[in-house]
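Peer 1: Fold the following, please.
(chains A and B)
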Amino acid sequence: MTEYMLEAAGITKRFGTTQALAGIDLAAPTGSILGVLGPNGAGKTTAVRILTTLTLPDSGQARVAGHDVVRQPAAVRRHIGVAAQAATLDETLTGRQNLRMVGELSRMRRQDARVRAEELLQTFELSDAAGRVLKTYSGGMKRRLDLAASMMARPRVLFLDEPTTGLDPTSRLRVWSVIRGLVEDGVTVLLTTQYLDEADRLADRIVVIDHGRVIAEGTSQELKRVTGGARLEATLMAPDPTALDALRPLVDGPFQVGEHGRRLRAPVRDTAGLLKRAVRALDEAGVDLEDVAVHQPTLDDVFLRLTGAATEPAAWPAGDRGSAEPALQEVTR
Amino acid sequence: MIAAASPRSLPVRMADGLRDVLVLTRRNLVHIAREPMQLSDVTIQPVLFTLLFVYVFGSGIPVPGGTYAAFAIAGLLLLNLTTSSMGTAVGLTNDLSTGIIDRFRTLPMWSPAVLIGRSLTDLLAAALCTLIVAGSGLVVGWRPATGVTETLAGFGVALLFSYALSWLAGCVGLWARGVETAQSFGFLVLFPLSFISNALVPTRGMPEWLRTIADWNPVSAVTAACRTLWGNPNPSATSAAWSMQHPVWTAVAWSIAILAVCLPLASMLYRRRTTD
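Peer 2: Below you'll find the predicted structure:
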């Protein structure tokens, strides 16, 4: 039996005339990481606020750690840890005082809160700054302290709203490993992010939301399949329509053409030896080549495709190479 | 595995709630320790006011039955306590404008502890203010003429009123959208409230209508109660108003009435302010 530590169904929320959430469903089994991906304003933070009892939904239901977020907020709060996007700690207290306060207000025994605070200060490399007032912290340090605060009471469900925004690469890796460690111990994590590699590397399942709706869901592998796999990209020295004919047998879908015909891009299925064959085909056609490469799909591709930043179909701009055209256009065969 | 919500007995919950209040009160005290100038309205201001009023105004205001210093200390205490009660509003508005309240709201704490912790911090500040006013009073020649119990009772009545006012100010802070609004309430409401009273001048020289307002002003009642309990000159005792004939009861009644309205109002405003 799969147990869901976090379930939401049909959550809607409107602020004035803005429909922040238009009915979203989320689910995360115990001990998994659910990645919530979406552009700014997609509704990620509203979803997190509803699941953490900060905002009431207009309709829909959500259960966290087995408790209803609307009817049993106090019970939910006993099991969650939250690191919100905006810093939510006391600027006038030191890092250590902040963690102890959060621990004590989370019903930890005073001594336990002290020990746990030191542990987390060490984990997030804040021990040296522990006695300093938060006002003197850098943005990245505040972020890490917020993460530490969310983990004080060893919650079962952790909500991390863009946890690594503003962190340097080393801290990011560290935060990732801390999160993985918690999940190994059975903690369930909901993580929102704008970084696709973060979702790719951490999340067991990914939900993509935009305009308050779930527009795609699956593992990162499943989502990547949405874009149709790998792509061949060629950049020519000069626009040359014969390049299309030369490459057409190698590709598996329509070409996208950009930079006035200098850049060609098309989906491919079989990537084995493809690069060599592409170079040879273009060479035989007498096309002057600047660069050719095979790109494995990234979540960026999925994301761009799903959120409507995808390309529009257009005809090959025959004869009119000087005309203004978008960077990339899709060519129908 | 999900444990059922553990049924916890009432005393345990009360102990938890009390602990939350103490944790938050301690937090506010740390703030004060870091920025001691926050306390200037209960430390420097009382000394300044005492010296200014006693030596500048006092020389020109005759008080029947005693010196101006003996008369004015109760009034100066009330003036200081009333104006400094706005600290509650400013403190709450500050907390609400940062993300800290969101943090509190995701913790399994007792949420009224935020308000109660704030009011207790201000009660401690008010107690400090009382000590400083009394100290400055002793320097300029004020003396309580009654026993220890009655003298302490006088301070108690003043502090009870101050505690009630901090809840009123708390309501203002929760209602106001910015610190400026909260502060202007202090100037527009509390300042006149302290001055249209018997706190600093005997009221018998006031026009009839103003005198009626002054007689029924809670600040007058508390001031008169302190003067009565301390055995200081209390010219208001000659007023026919019931409130001036029974100042201690009036003072306590005002305080309880303000608390009865503002406690539930503050928790309602807090809930409204923190729900979206």
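Peer 1: Give me the longest helix you can find in chain A.
Peer 2: Counting residues, the longest helix found in chain A (DSSP state H) is helix A:169-184.
Peer 1: can you dump the C-alpha coordinates of that one into CSV?
Peer 2: Taking Å, rounded to 0.1, in the frame of the first residue of the first chain, the C-alpha atoms of helix A:169-184 are listed here in CSV:
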residue,chain,number,x,y,z
PRO,A,169,27.3,26.3,-6.0
THR,A,170,29.1,24.7,-3.0
SER,A,171,26.3,25.5,-0.6
ARG,A,172,23.8,24.2,-3.2
LEU,A,173,25.5,20.8,-3.4
ARG,A,174,25.6,20.7,0.4
VAL,A,175,21.9,21.5,0.7
TRP,A,176,21.1,18.8,-1.8
SER,A,177,23.1,16.2,0.1
VAL,A,178,21.4,17.3,3.4
ILE,A,179,18.0,16.9,1.7
ARG,A,180,18.9,13.4,0.3
GLY,A,181,20.1,12.4,3.7
LEU,A,182,16.7,13.4,5.3
VAL,A,183,14.8,11.5,2.6
GLU,A,184,16.8,8.4,3.4
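Peer 1: From the chain's centroid, how far away is whichever helix or strand comes after that helix?
Peer 2: Once the chain leaves helix A:169-184, the next helix or strand it forms, by DSSP states H and E, is strand A:188-193. Its chain's average C-alpha position is 9 Å from that of strand A:188-193, according to C-alpha atoms, centre = their mean, to the nearest Å.
Peer 1: now stretch B:45-57
Peer 2: 19 Å.
Peer 1: Per-residue pLDDT of the closest residue to chain B within the stretch 201-333 of chain A, please?
Peer 2: Nearest to chain B, among the residues of the stretch 201-333 of chain A, is A:Gly212, at 15.8 Å (C-beta to the nearest C-beta). Just so you know, the C-beta spots here come from the backbone N, C-alpha and C atoms, and that holds for glycine as well. Note on A:Gly212: pLDDT of 92.
Peer 1: Can you read off the backbone torsions of it?
Peer 2: Dihedral pair for A:Gly212: phi 70, psi 10, per degrees, to the nearest 10.
Peer 1: do the same with A:Gly23
Peer 2: On the backbone of A:Gly23 - angles per degrees, to the nearest 10 - the values are phi 100, psi 80.
Peer 1: Kindly provide the distance from B:Ile44 to B:Trp230.
Peer 2: B:Ile44 is 24 Å from B:Trp230, where distance means C-beta to C-beta, to the nearest Å.
Peer 1: With B:Asp215 instead?
Peer 2: Separation of B:Asp215 from B:Trp230 (C-beta to C-beta): 20 Å.
Peer 1: ok, now A:His211?
Peer 2: In this structure, A:His211 and B:Trp230 are separated by 69 Å, where distance is defined by C-beta to C-beta.
Peer 1: what's the answer for B:Ser97, then?
Peer 2: 41 Å.
Peer 1: Compare neighbour counts for these two and give me the winner.
Peer 2: Set B:Ser97 next to B:Trp230 and count neighbours by other C-beta atoms under 10 Å in any protein chain shown: B:Trp230 wins out with 24 against 12.
Peer 1: Please name the nearest non-neighbouring residue to B:Asp122.
Peer 2: B:Ser166 (4.3 Å; C-beta to C-beta, 6 or more residues apart in numbering or on different chains).
Peer 1: what are the ranges of the strands in the stretch 151-300 of chain A?
Peer 2: For the stretch 151-300 of chain A, the strands defined by DSSP state E, counting those that start in this stretch cover A:157-161, A:188-193, A:205-210, A:213-218, A:231-236, A:255-258, A:263-267, A:289-295.
Peer 1: Pull the distance from the lowest-mean-pLDDT helix or strand in chain B to the chain's centre.
Peer 2: In chain B, the helix or strand scored least confidently by mean pLDDT, DSSP states H and E is helix B:179-185, which has a mean of 80. Distance of helix B:179-185 from the chain centroid (C-alpha atoms, centre = their mean) equals 17 Å.
Peer 1: ok, now stretch A:135-143?
Peer 2: With C-alpha atoms, centre = their mean as the basis, the mean position of stretch A:135-143 lies at 23 Å from the chain mean.
Peer 1: still on that earlier bit, just confirm the residue nearest to B:Asp122 is within a strand.
Peer 2: No - membership of B:Ser166 in a strand is not supported by DSSP: H, G, I helix; E, B strand; the rest coil, which gives helix.
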